[in-house]
Structures are given as C-alpha cells and as structure tokens.
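Q: test case, fold it:
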Amino acid sequence: MVSEIQPLHDIGIISYTATFTKAKKRWRRAYFTIYFSNTIARNVFSKALPTSNFPTYSVIEIIPQNVVPKVSIDIKEVSVHHHDFYGVDQTQLVNIVQDKDMETLSTFDGVKGLAKALDTDLENGINGQDLNERTTVFGSNTYEKPPLKGLFYFVVEAFKDVTILILMGCAALSLGFGIKEDGIKDGWYEGGSILLAVFLVIVVSAVSNFRQEKQFDSLSKISNNIKIDVVREGRRQKISIFNIVVGDVVVLNVGDQIPADGLFIDGHSLLVDESSMTGESEQIEVNAISNPFLISGAKVADGHCRMLVLSVGMNTAWGKMMSSITGDNNEQTPLQSRLNKLTSSIGKVGLAVAFFVLVVMLIRYFTGNTEDESGNREYNGKRTSINEILDSVTGIFSAAVTIVVVAIPEGLPLAVTLTLAYSMKRMMGDQAMVRKLSACETMGSATVICTDKTGTLTMNQMTVTKFWLGLEYMEPHHSNAIALKVLELLHEAVGFNTTVTVFKQASHLVPEYSGSPTEKAILSWAVEDLEMDMEKLKQSSVVLHVDTFNSKKKRSGVSIRRTNGNNIHVHWKGAAEMVLAMCSKYYNSNGCKMIINSDSRTQLENIIEGMAASSLRCIAFAHKKVLEGTDYQTLPEEGLTLLGIVGLKDPCRPGSKKAIETCKFAGVQIKMITGDNVFTAKAIATECGILEPGQEVCEEEVVEGVQFRNFTDEERMQKVEKIRVMARSSPFDKLLMVKCLKQKGHVVAVTGDGTNDSPALKEADIGLSMGIQGTEVAKQSSDIVILDDDIASVSTVLMWGRCVYNNIQKFIQFQLTVNVAALVINFIAAVTSGGVPLTAVQLLWVNLIMDTLGALALATERPTKELLNKPPVGRVEPLITNIMWRNLLAQAMFQITVLLTFQFKGKAIFNVNERVKNTIIFNTFVLCQVFNEFNSRKLEKRNIFEGIHKNRLFVGIIGITIILQIVMVEFLKNFADTERLNGVQWGICVGIAALSWPIGWLMKLIPVPDKPFLSYIRR
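A: Sure thing, here's the model as predicted:
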C-alpha cells in the first residue's frame, strides 16, 4: 500500500500546524488505538511469542491539507525513541489495585514488570523530565471538586429570610398605593426606598457570606496540600500530594496517608488502616507476596515501605469519593449555638413588642386619634376611601415589621462568622492553620496545655555530643581507638536499623540525609565520626526482618545476614535504660566482652542519668549473634551485648521559656508529656521554665508514665492537678491524663505529632498537631495545625482564642445597645402618639450599620497582650457579663432619654416642623451608634482610643458610616424621608451624640459584682 509519501517524523515530536478535520481526527484516533494495542500485546505476550525480526514500531503520517484528501498510509520500518508507558492500558492499572487482581499483576511479571512498563527505576524512581507527559497520559493526582456556591446562591438564601419577605411585601403595597395616589413621579419614594434598603441589606449579607465561602475554600486547599516523600532521579524529596504521577516511587512511614493507588515495592512490618475507605477498623498487613496492594486514602498504621504509583486522582476510589463530598462548612461552633439562642430570645421579645405596637397603632388609627402631616385626622369613618385605609394600614404594618428587623440581632451570627474568618486568616500568618472553626473560640477558654518536648519545646535539631563505649567515654573522631570488630558492629547497628535514606551528589562533599531528626543525627555521626561507608555496608549484608520503632516499645530491631557468613546478627536500638535492661554483657574498646554485674550496671545507669541530666537524649545499641535456622522474625530481647550509648543534644527553642511564662501568667497550666527518661525531662522542663530552677522538685510534680498508669482512679484524680512533667509516657498515658483533666472541669489543649497521639488529640478540647514533624494521621485528628512546631505559636493561638471571644462580646454590647434603644423609643412613641419617629428605611439603614459595618469594625480587632492578663473564660460563663450589662444599659438609657425628649418636645426646643424634628432624632440616633462604637472597643478600659491607629479598617468604617449618613440626610431626603439640617442642628446632633464618651468613661468607674446579673433574676 504505497501512495503519496510525505517525509516521516518521530511521532513523539510531530507538531501539527493545521486544524484537523473530522476525517483527520478519526485517522488520528485509529492510529493511537492501533499503537496502544500493539504495545500492550508486546508487554503481556512478549515472553510467549517467538522473537520477530520485524521492527517494534510503526508510524503513520497524517498529511494536513486544506481540503479532505484521499488518505493513504505507508507502513515503514522506523526506529522511534519514546517512553514505554504510552502503551500501558490505564484501565488495567486502575483495576489491578481496586480489584486486588494478583492474576493480572502476574501477567506483567509483578511490580518489576509494571515498573519497566512505566519506565520507572525501582531504586532511583522516575527521571523527573517526563512529568508533563505522565500527567497527560495518566491524569493528575487531583479530584474534581463541586463548584463553589456563587454570589447568586447567597442572594437567593438572603431572600428566604421571613422578615425580609414581609418587608418586601409591605414595600410592594406601599409602592402600589403611592403610585396610585401621587402618580409615578412622586408616589414611588416610600415603597421604592424600602425596596432599595432591603436590597442593600441582602447584597451586603450575600457578599459577606460569599467572601467567607471563598476564604474557607482557600484554607481547605492549604489543609489538603499534604507533603509526601518520593524518590526521583535517585534523590528522596518532599513534594505536594497533588504533584504525584503514575510511575512515582513513594516512601511511606507510620502516620502517612497513602497518596494514590499503587503496589508495595519493599518495606517491613507494614500495617495499613483502610477504615476511611472500607469502614473496616481492622488493620491490614501489606507485603510483596500475598497482598502488595495499597489504596489511596488509607493510613500507614505501622512499619514503612516504598510504593510504586499505578493510578492517581479520579482513577482512584479515594478521588471519586472526595469529588462527591461537597465543601459545605455548616459547622456550628459552640459560640454560634449560644448566640443563636440569644438571637432567638431577643427576637421573641422584638416580635411581642412589634405585635403590641401594631395593635396599639391600628386602634389609634381606627378610633381617629392619628393625624397626617397637615394636622388633619387620618381616619374619618366612611369618608375615608379604601385606598387611604389600605395605605395607612400598610404603613403601620411596615413600621411594626421594621421594629422586628431592628429588634432581631441578625448581625450576631454574621459577627461570629466574620471574626472567625478574619482570625483564621490572620492565624495562618502567625503559623497556625485552623482545621475546625470551634477551636478558634475554645482555645480562649483553655486552662491546661499538655505539650510534647521534642520539636515543640526544643528545636528538633539533634546532634550527637557524647558517646560511651561500655564504661569508656570516647572522644569525637577517635574511631581508630575502637576495635575493628566493634566498629563493624556499630556500623551495622546504625546503618541497617534506620529509616533514613542517604543521597550523595558528585558535586557535593556532604551527603543529604532524609528522615527523622534523631535518626539523621545518629547516621551523620556514624558517617563522620565512625567513618561508616553506607554503600559498602549495604553490599555486605542482607536485611532479613525489621521490628519498627513505636512510642510504646521505644526501640527498634533488625536482623541481618552477612554475605560472607551464615550467622544471623540481631541489632536493637532505643531508649538507653530499656536497651540496657536487655543486656547481660558489654563491649569495651578492645573488642572484649565484659559481663554486666551489679557494679557495672550501676555505673552504666549513672552514665545514662548523667547524660540525661545534661538535657541529652540517650540512645543505646545492643547486639546478639544467633545461629542459622533460628526464627529471625522473632528478635531476641534478652542476653544481648551492649555496643554503646550516645547522647543527643536538642537545644530548647529560644522563645519557649517566654511562651511558657506568658501562658502561666494567663492562668493556663503547662504540663510536659515526653517519651524521654525522667532526668532528661526534668532538665528540659527546668530549662524551659515549667519547673522552677533552684527549687527542689516535689515527687508529685514529676512522674513516669508507668506510675501514672498504675495509680487507682481516685489517686489519679487527686494527683493529676499537681503533675507538671510526665516522662517515659506512652500515648495511652497522654490520653489518660487528658480524660482526667477534663473530668476535673479543665478545658484541655494537647499537642501531638505521632500517629499514636491521635486518640489524645481527638479527646482533648483543642488538638494541636505539628506541621513539620506531625504525621498526616495526627494532623487529621487535630483542630489546629502549628505550622512551625513552636510552643510560642501555641501561646499565640491562645491569645487569638481569647481575642475571638472578646471581639464577639464587644459586638454583642454594641448591638444590644441599639436594639434596646430602638425598641423602647419606637414602642413608647407608637403607644403615646400613634407614630414612630424612625421610619422603615431609617431603621433598615441603622440595621445595616450594626449588622455589617459594625461587625466588620469590631470583629477585626487584633489580639493584644492585655487579653492574657485575665484568667481563662469558663465553659458556662454567661456571654453577657455584668460589665457589658452596665455599659449597654447606661448607653441605651442615655439614648432613650435624649431621643424621647426630642420626640415630645423637639418641635418646641428647635422651633422646627415635624419632618425636621424626626430628621434630628434619626441623625442623633445614628451618630450615637457611631460614638458608641468607640466605647465598645474597650469593655473595661477607660482609654477607648488605645491602639486605634493600628486598626485602619475600624477608622475606615467609621469614616464611611459618617459620609453615608451625611448623604442620607442632606441629599436623599425623598429616599430616607429626611429634611436638610443647618450647621447649628448638625452641631447639636454631634454634640449630644459625643456625650456617649464621657458617660462611658464615668460608667467604667462603677464596680460591678462578680456574680452574673441574670442569676439574681432567675431566683
């Protein structure tokens, strides 16, 4: 089949410049189908078929033309360089893991065959140059998220508010009657004004909620951006879970979330928790022989391994499940729940007042006791037309509904949302990522913080500073003083019993270590001080079994067989006193084995205690040789020979002492819970300020986990308050302490980084996980992630928690002052004179000032150190304190007195007509709220201007409010039902409103009782 032949090109680099027609696209699809089928056949059946002399690849050339040509193809023998993975069937890869299909896996010659098909080197990973191609062929490790709710959704939600609907109904009736009576030119003002005011309230509310939705989404993206270890180009490196591609070699350790579907390459003692996917709580063993399948979303419960990624993103069950989960943030925090109850209670009072006002005004109207603006009676029996009656009744009904709108403090939930959203954003800058909203406010009530030592109080920058070989202290860089046999055993003890990987570039003299700080410190010490050659060591022996480290055993073991012998060598490494307890002999520097008698054991114990008292973490190495044929999977735990003890220094964080002092000053107890021995724990606790230096430590203040565990329930409850340090603790001990403290009535915050810390993090009122050293399981069990692992950030979170609570209280005081004043003024005016001085539009404007602008101004105050001068807020303390009652009642009484005086005597005092008088009342009322907003900044302090220059948003909102008020009064008189005021009248309004400041200052001189005000009423 030879026809028009065009120059052929490598299919991997063909660049099509012309636009494909439908026919060309069909030919292109046909080519790829043939191409993929050909490669699959080659991979699966190549062993079964005889060797062929025909070329491996064929190329078809599509000739681009302006018109559809007579397409002809020529099959030519061409050598094409391309990646093997283009021919791999993606569906097969997906099904192998999801169906746990061992049969299909065996047709690919197992993991090695699949790695070859995916162009992956199992030792060195992928080359990193073909990431885009892999993403194009197999997809990215992302899932399709449901789209965010748009602004229109929140507008519709705002329209569902009953009071808004009633107001719109009133506005529509008012609009209809007004146009009918006064014509479209003048008749639309009242109804149109209400509609416009309602529309403004809706838009502002919708925009606030929409912005909050976007902010929570961006925080969610950060939270989901998990870092995972992969091997690429021979180097272990951390990358985002979203950047993993098919063919990647991923390194998994305890606590990691499996980032994609894949296969087990190698590893030890791997147990996987698949409960998030299957619902089964039982942990599953994964190995190379019977179950090599790893599914995304599962967690590594124990052990470690390397994994070959086969499918990512939407091709995994985890991806499909995550894409179906909507990002709704319907979480109700405790404070929001309490505020909803408060809003409901105030709303009921408002409804009762509004109903009473409605009844009174209707009675006054129909009994002829109301007059219009000209002084004429409004209702004259049969002489009054139906239209006039309906118009008046609609106005009365509208006034009553507006009272409800002002009475119901709808701004309270909005204020909480704004405060929490603002705080979450700012806390990110202060190295704290909030995962659960409730934690923001609960942290303000924390009375106890149970903190880890390593990485939180200390810098987690380990270095080996001391080394004891038996009873001999070895100086640094003196490995030539150690017998060759002992040195060889030490190399094995360090090099094989580790999870650290080493990468050495030709251009760098110093190798790069990847793993935990403790392991890296020991490995780098062995390389630099003991002259260990990692590559040579790996070739000298074969690892048979690994007993991985966990926080309960506090040790790890390995069994190896040397290539030049048949004996099995067992090595243990772990907490020095625990490893020493397993030993009956020790090596000296000459390579002689010495029996550990009571004297030498005491000497060794003193060496450990001495290093621990110098704040060193003590790690011991022990060895035992066992005969071939012994069950190497069960490592012997007695009769071992001690190889040596190292002391690792982890310096305290520079700011830890100050942070602990800050927490103590704020009335928060600090308890250190660590896995280190009691002497190291005491030394670090003293250095950080948890224990006072120079003072004798009481026995009850420092305990070991086993002691605490063995106390009776009564003893634990009795002693838990006094404990300040718990050493050699297990995760169970930490959980037990949290439970005891909660039973004693404490609000407990707990820091944790390990998988085993998960129960304690969940049990605590606030779980604080570590962002650097924390496992993924720990992070997902926590409420807040401390991004820099620093105790100073924990004290900052405490300050933010109190700030959230304090800001909400400021807004409650501000809003309730307006609610009380508006309700009383309109109620008394309606009952006595049959009219309300504040119209529907005016009250909606006040509502807008309160609900949105007020919330923004007061909810965005930044935390100050003064917040830590008070004790924590109790769980059941009332939201409205006696101090708040004093402040708000004083301001409300002042506003009521002034405005009711204006209502009844205003025309005579100012010598003005009814409309000007009502405008003065409206203007004074709004300005009173503006001045009172300053008072609300400080609930107790008399200097209300302190730090105001730092809060530009507050100053900006006050400025905007004043400008809009001037526009309302001076330029929108038909819309706002106002009259222009002269300079004297403006001066009077401002002067009277400014009296809020001296009144607030004087009221703060009056002491209030500690007992909640409402408790007297409930009697």
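
Q: my guess is residue 522 contacts residue 494, does it?
A: Yes. Contact criterion CB atoms under 8 Å: residue 522 and residue 494 qualify, at 5.8 Å. Using the backbone N, CA and C atoms, a C-beta is placed for each residue, glycine as well.

Q: need the contact list for residue 504.
A: Residues near residue 504 by CB atoms under 8 Å, 6 or more residues apart in numbering: 511-512.

Q: sorry, wrong one. I was asking about residue 471.
A: 586, 588, 600, 603-604, 607.

Q: what's the closest of those residues to residue 310?
A: Nearest to residue 310 among these, counting by CB to CB, is residue 586 at 48.8 Å.

Q: the closest one belongs to a strand?
A: Yes. Residue 586: assigned to a strand according to DSSP: H, G, I helix; E, B strand; the rest coil.

Q: contacting residues around it?
A: Per CB under 8 Å, 6+ apart, neighbours of residue 586: 470-471, 593-594, 596, 600, 604, 641-643.

Q: and those as CSV, adding pLDDT?
A: Shown next, in CSV, are those (pLDDT from 0 to 100):
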residue, pLDDT
470, 90
471, 93
593, 93
594, 93
596, 94
600, 94
604, 95
641, 95
642, 95
643, 94
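
Q: and those, which are buried?
A: Buried residues within those, counting neighbours by 16 or more other CB atoms under 10 Å: 470, 596, 600, 604, 641-643.

Q: and the two most separated of those residues?
A: Farthest pair in the buried ones among the contacts of residue 586, by CB to CB: 600 and 643, 15.0 Å.

Q: contacting residues for the nearest residue to residue 497 once chain neighbours are set aside?
A: The shortest distance from residue 497 to any residue other than its chain neighbours is 4.4 Å, reached at residue 558 (CB to CB, 6 or more residues apart in numbering). By CB under 8 Å, 6+ apart, the contact set of residue 558 is 496-497, 543, 545-547, 570-571, 635.

Q: for residue 558, which residues make a bridge with it?
A: residue 546, residue 571 (DSSP bridges).

Q: now do the helices in the stretch 751-900 of the chain.
A: 758-763, 776-781, 791-833, 840-848, 855-859, 882-910 (DSSP state H, counting those that start in this stretch).

Q: centre of the chain versus the longest one, how much separation?
A: If I follow you right, that is helix 791-833. The chain centroid and the centroid of helix 791-833 are separated by 27 Å, computed with CA atoms, centre = their mean, to the nearest Å.

Q: quick one, it and helix 840-848 angle?
A: In terms of direction (axes from the mean of the first three to the mean of the last three CA atoms, to 10 degrees), helix 791-833 departs from helix 840-848 by 160 degrees.

Q: now helix 791-833: average pLDDT?
A: Mean per-residue pLDDT for helix 791-833: 85.

Q: please apply the same query to the fourth one.
A: Helix 840-848 shows a mean pLDDT of 76.

Q: so what does it touch, helix or strand wise?
A: In terms of contacts (3 or more CB pairs under 8 Å, 6 or more residues apart in numbering; DSSP states H and E), helix 840-848 is packed against helix 162-187, helix 189-224, helix 386-407, helix 791-833, helix 914-937, helix 973-976.

Q: would a markdown table of these with distance to residue 688 be doable?
A: What follows is the helices and strands packed on helix 840-848, written out as a markdown table (distance: least, CB to CB, whole Å):
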| stretch | distance to residue 688 |
| --- | --- |
| helix 162-187 | 55 |
| helix 189-224 | 30 |
| helix 386-407 | 52 |
| helix 791-833 | 8 |
| helix 914-937 | 35 |
| helix 973-976 | 61 |
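
Q: turn these into CSV, including mean neighbour count and distance to residue 999.
A: Formatted as CSV, the helices and strands packed on helix 840-848 follow (neighbours: other CB atoms under 10 Å; distance: least, CB to CB, whole Å):
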stretch, mean neighbour count, distance to residue 999
helix 162-187, 17, 32
helix 189-224, 18, 30
helix 386-407, 21, 22
helix 791-833, 23, 12
helix 914-937, 22, 8
helix 973-976, 17, 28
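
Q: for whichever strand or helix holds residue 301, name the packing helices and strands.
A: If you go by DSSP states H and E, residue 301 is part of strand 299-311. Under the contact definition 3+ CB pairs under 8 Å, 6+ apart, strand 299-311 sits against helix 90-98, helix 110-117, strand 249-252, strand 261-273.

Q: let's see that with 6 Å instead.
A: Applying 3 or more CB pairs under 6 Å, 6 or more residues apart in numbering; DSSP states H and E, we find strand 299-311 packed against helix 90-98, strand 249-252, strand 261-273.

Q: do you have the helices of the stretch 451-600 of the chain handy? List them.
A: Under DSSP H, counting those that start in this stretch, the stretch 451-600 of the chain gives helices at 484-495, 517-528, 534-540, 576-581, 598-613.

Q: list the buried residues of the fourth one.
A: Which is helix 576-581. Across helix 576-581, burial judged by 16+ other CB under 10 Å covers 576-580.

Q: quick check: mean pLDDT across that helix?
A: 93.

Q: how far does it sit from its chain's centre?
A: On CA atoms, centre = their mean, the centre of helix 576-581 falls 39 Å from the chain's centre.

Q: for that helix, packing partners?
A: So helix 576-581, by 3+ CB pairs under 6 Å, 6+ apart, packs with helix 598-613, strand 616-626.

Q: the spatially most central residue of the chain: what's it in contact with?
A: By CA atoms, centre = their mean, the chain has its centre lying nearest to residue 435, at 2.6 Å. Shown in contact with residue 435 (CB atoms under 6 Å, 6 or more residues apart in numbering): 223, 783.

Q: distance of it relative to residue 427?
A: 11 Å (CB to CB, to the nearest Å).

Q: what's the answer for residue 399, then?
A: To residue 427, residue 399 is 44 Å away according to CB to CB.

Q: please apply the same query to residue 479.
A: On the measure of CB to CB, residue 479 and residue 427 end up 49 Å apart.

Q: coming back round to it: out of the contacts of residue 586, list just those in strands.
A: 593-594, 641-643 (DSSP state E).

Q: can you pick out the most distant pair from those?
A: Between any two of the ones in strands among the contacts of residue 586 (CB to CB), the greatest distance is 12.3 Å, for 594 and 643.

Q: okay, now residue 540: neighbour count?
A: Number of residues near residue 540 (other CB atoms under 10 Å) recorded here: 17.

Q: same deal with the one 10 residues further on?
A: As a burial measure, residue 550 scores 19 neighbours (other CB under 10 Å).

Q: state the distance from it to residue 666.
A: From residue 550 to residue 666 the distance is 35 Å (CB to CB).
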